[in-house]
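Participant: need a 3D model of the sequence below.
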Amino acid sequence: MRIRFHSGWKFAWTFAAAATTSRSITRLSFGQGNHRQSRCLVHSFAIRSNTHRQRINSRKQDSRRNMSSSTQQETSLQFVDIGANLLDERYTDGIYFGKKRHESDFDLVLERSLERGVSHLILTAGTLRESRRALELVEAYQAKEDAPPIVLGCTVGVHPTRCQQEFVDEDKDAIAIMDELQGLLERGTKSGSVVAIGEFGLDYDRLEFSPKDVQIEFFQKQLDRFLGLGLDLPLFLHNRSVGKDLLEILKDRTTKDSLRGVVHSFDDSLELAQEFIDLGLYIGLNGCSLKTEENLAVVKELPLDKILLETDCPYCEIKATHAGHHHIQTTFAKKPDKKFEMGKMVKGRNEPCQIIQVAEVIAGVKGLPLEEVASACYQNSMDLYKGFVTAPQAAIN
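Facilitator: Okay, the predicted model is just below:
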């Protein structure tokens, strides 16, 4: 069910009413000193018993009293960030280019996301280690009691530019790596923590990290192995400067009825986008999708009911040099990492809260109200990620 607090917050908590256990109310463990003030609830993609709703009721007033004033900003918009690299050390350790600048401000990053209506976040992984860390982080939320009320999920898979290091250079053989990835997928699917397979696909822009033949081989092997598990998870696909190679591999292995997923950070042609859509896929857009006039011409023609929003943070921030920048209405004050202040955003580090800017550019390019774009893309995410599906709206008085 959807729960809306009528005083204090104007964003909705979305709950998936499914299954059996009571271990998905959690507490964020990041942050330092006075920045651990907020007390509020977080859940995984599947809320699994009436106990959770009872605990939400009992903590509602406590949440209102203790939520910091900065996180009480009202917004009528809701967003799902389908791709956030929140395992990056800039968030988890405050490290920039090998230098420690500050302690973790992970919790504050989530609070800023909530201020701008981000209700769901997917942590993307690109190696076996990242997949394990992402799953453990989300599962840790399921074992804790208080945290910013944001839904977290993660992906499991190996990024194309990491295929050489993961499957060829490592001491373990490729089959053993696949076995471990499969174990994480199965475990995370049962707990409701893993919501997509990936990030995987092809990337010919960075062949110095992983040769073309290695990328193709291990994308195909991951695709065959993981789709064969019958987990009914969508694909989180990477497609960078590869022509139609990724498209043809997908065509060879799937039918429209069986293929679900998103081609994330899309920056290719309208023709290719339409062919992916014809396969049953969505198109993910972030700042890197909005750099050039050619990008904007593609976005203008994309059907709104096939677009998903993402930040790909800490990367893909919309910069002043980008063609779509003039459509931005919402700005954020930032400080250089060398002058970091807890509670302030960092220059050059994109955050999930900035997803509103992606929506603003799309709205501007299409000549549509921001609310229409945000609502449509939010519903698209609900449709793709089945764990997001909500019961009829309810209110807690």
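Participant: just to be sure, residue 382 is in a helix?
Facilitator: Yes. Counting by DSSP: H, G, I helix; E, B strand; the rest coil, residue 382 is found in a helix.
Participant: what is the rounded mean pLDDT of stretch 228-239?
Facilitator: Mean pLDDT, computed over stretch 228-239, is 95.
Participant: which SS state does residue 113 fall under?
Facilitator: helix.
Participant: for the closest residue in space to it that isn't next to it in sequence, what are its contacts?
Facilitator: Nearest non-adjacent residue to residue 113, counting by CB to CB, 6 or more residues apart in numbering: residue 352, 4.1 Å away. No exception for glycine: its C-beta is placed from N, CA and C like everyone else's. Residue 352 sits next to 81, 84, 86, 109-110, 112-113, 118, 121, 311, 313 when contact means CB atoms under 8 Å, 6 or more residues apart in numbering.
Participant: list the residues that contact residue 338.
Facilitator: Here residue 338 is in contact with residue 101 (criterion: CB under 8 Å, 6+ apart).
Participant: quick check: phi and psi at it.
Facilitator: Here is the backbone geometry of residue 338 (degrees, to the nearest 10): phi -70, psi -20.
Participant: same question for stretch 329-346, mean pLDDT?
Facilitator: Rounded mean pLDDT across stretch 329-346 is 97.
Participant: what's the answer for stretch 179-191, then?
Facilitator: On average, stretch 179-191 scores 96.
Participant: dump the C-alpha coordinates for that stretch into CSV.
Facilitator: Extracted C-alpha coordinates of stretch 179-191, given in CSV (Å, rounded to 0.1, in the frame of the first residue of the first chain):
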residue,chain,number,x,y,z
ASP,A,179,28.6,-19.8,-9.6
GLU,A,180,29.1,-17.1,-7.0
LEU,A,181,27.2,-14.5,-9.0
GLN,A,182,24.3,-17.0,-9.3
GLY,A,183,24.4,-17.6,-5.6
LEU,A,184,24.0,-13.8,-5.0
LEU,A,185,21.2,-13.5,-7.4
GLU,A,186,19.3,-16.4,-5.9
ARG,A,187,19.9,-15.2,-2.3
GLY,A,188,19.0,-11.6,-3.2
THR,A,189,15.9,-12.5,-5.1
LYS,A,190,14.5,-14.5,-2.1
SER,A,191,15.2,-11.5,0.2
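Participant: what residues does that stretch touch?
Facilitator: 44, 128, 131-132, 135, 138-139, 142, 154, 156-158, 194, 197, 222, 225-226, 229, 231, 233.
Participant: is it fair to say residue 176 lies in a strand?
Facilitator: No. Assigned with three-state DSSP, residue 176 falls outside any strand and is helix.
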